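K.L.:
Provided below for reference: sequence and predicted model.
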Amino acid sequence: MIAIQTENLTKKYKERVAVNALNLSVNQGELFALLGVNGAGKTTTIKMLSCLVKPTNGDALVLGNSIISDAFKVKELINVSPQETAIAPNLTVRENLEFITGIYGYDRKDSKEKSNEIISSFGLSNIAKDRAKTLSGGWQRRLSIAMALISEPRLLFLDEPTLGLDVIARRELWTIIKKMKGKVTIILTTHYLEEAVSLSDRIGIMTKGELKEVGTADELIKKTSAESFEDAFIAIAGEGRASV
Ligand SMILES: Nc1ncnc2c1ncn2[C@@H]1O[C@H](COP(=O)(O)OP(=O)(O)OP(=O)(O)O)[C@@H](O)[C@H]1O
């Protein structure tokens with residue numbers, strides 16, 4: 001089953017083409033990493049697929065629903081864990097989770113049950129009573145991803161989930177993300193190449209708004225006759241690098 005199928009998906013900001021006729025297919029249950037240098041069009045792609053930005057041309061089907069004509073349905077099926085965490089700093093960890101269950105209409109009993117389930121699966125028990133603002137960056141990201149899963153999305157966008165985290169916090173989040181694999185389709189954007197290699201089933205590399213290559217890390221290495229994934233990435237994405 002296909003989770004995402006884009007058809008010439010395009011976004012222009014005045015004369016600037018942010019995403020150019022993107023044709024991408026992502027399978028259900030897949031963890032797909034979308035890579036590219038700054039300005040390649042990753043965030044714009046995610047914004048269109050999550051119905052935050054309207055395409056200029058083309059369309060995309062998310063679990064069979066058009067992001068243009070069925071945006072309401074698409075929004076019910078997806079969730080986004082944004083780059084900037086979406087937590088309320090003055091609420092405790094549990095209150096943050098219960099705030100979201102409230103938004104999704106859980107009654108008090110179900111809300112408690114759902115929050116307990118998430119607290120347990122995300123290892124948040126010891127900090128459940130702590131205010132979110134007192135948590136380290138890694139734990140805030142973990143809470144933010146946990147909150148995005150409350151609506152039980154079939155498709156989850158993780159936009160640079162480990163940006164700025166230390167190596168240990170990053171590895172801990174990888175473990176959390178690996179546990180989610182297969183249960184929910186995940187689109188991950190990251191600038192950490194080893195993160196994409198470690199977590200993803202397939203990788204798509206964007207350059208100047210276009211999808212240049214798609215494949216497993218090994219396939220991309222072979223295709224470019226590179227010695228490492230980093231070399232393969234540079235060979236594919238390097239031409240899109242704006243001069244500084
Ligand atoms: N709201 C906007 N108005 C005008 N131009 C925009 C807007 N959003 C993005 N762009 C432009 O579209 C292009 C793609 O940007 P986008 O943010 O999608 O890239 P990205 O791959 O996510 O980059 P990064 O890795 O830096 O987050 C860039 O040239 C950017 O300047």
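P.N.:
Received it, and whenever you're ready, just let me know what you need.

K.L.:
Residue numbers of this structure in contact with the ligand?
P.N.:
13, 16, 18, 36, 38-44 (CB under 6 Å from any ligand atom). In this view, the C-beta of every residue, glycine as well, is placed from N, C-alpha and C.

K.L.:
ok, the residues you listed vs Ile127, which is closest?
P.N.:
Distance ranking of those against Ile127, using CB to CB, places Thr43 first at 29.8 Å.

K.L.:
now that closest one: how far from Leu211?
P.N.:
15 Å (CB to CB, to the nearest Å).

K.L.:
so Ala21 makes contact with Leu211?
P.N.:
No: the pair Ala21 / Leu211 is not scored as a contact, 9.1 Å apart, by CB atoms under 8 Å.

K.L.:
tell me which strands and helices the helix or strand hosting Glu194 is in contact with?
P.N.:
Taking DSSP states H and E as the criterion, Glu194 maps to helix 193-199. Judged by 3 or more CB pairs under 8 Å, 6 or more residues apart in numbering; DSSP states H and E, the packing partners of helix 193-199 are strand 31-35, helix 167-180, strand 185-189, helix 229-237.

K.L.:
average pLDDT across that helix?
P.N.:
Across helix 193-199, the average pLDDT comes to 97.

K.L.:
low-confidence ranges in this protein?
P.N.:
Applying pLDDT under 70 to the chain picks out residues 239-244.

K.L.:
What segments of it are strands?
P.N.:
2-13, 16-22, 25-27, 31-35, 57-62, 65-66, 78-81, 155-159, 185-189, 202-207, 210-215 (DSSP state E).

K.L.:
Let's have these in JSON lines, adding mean neighbour count.
P.N.:
Conversion of the strands of the chain to JSON lines gives the following (neighbours: other CB atoms under 10 Å):
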{"stretch": "strand 2-13", "mean neighbour count": "18"}
{"stretch": "strand 16-22", "mean neighbour count": "19"}
{"stretch": "strand 25-27", "mean neighbour count": "17"}
{"stretch": "strand 31-35", "mean neighbour count": "25"}
{"stretch": "strand 57-62", "mean neighbour count": "19"}
{"stretch": "strand 65-66", "mean neighbour count": "16"}
{"stretch": "strand 78-81", "mean neighbour count": "23"}
{"stretch": "strand 155-159", "mean neighbour count": "23"}
{"stretch": "strand 185-189", "mean neighbour count": "25"}
{"stretch": "strand 202-207", "mean neighbour count": "24"}
{"stretch": "strand 210-215", "mean neighbour count": "18"}
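
K.L.:
Alright, that wraps it up for me.
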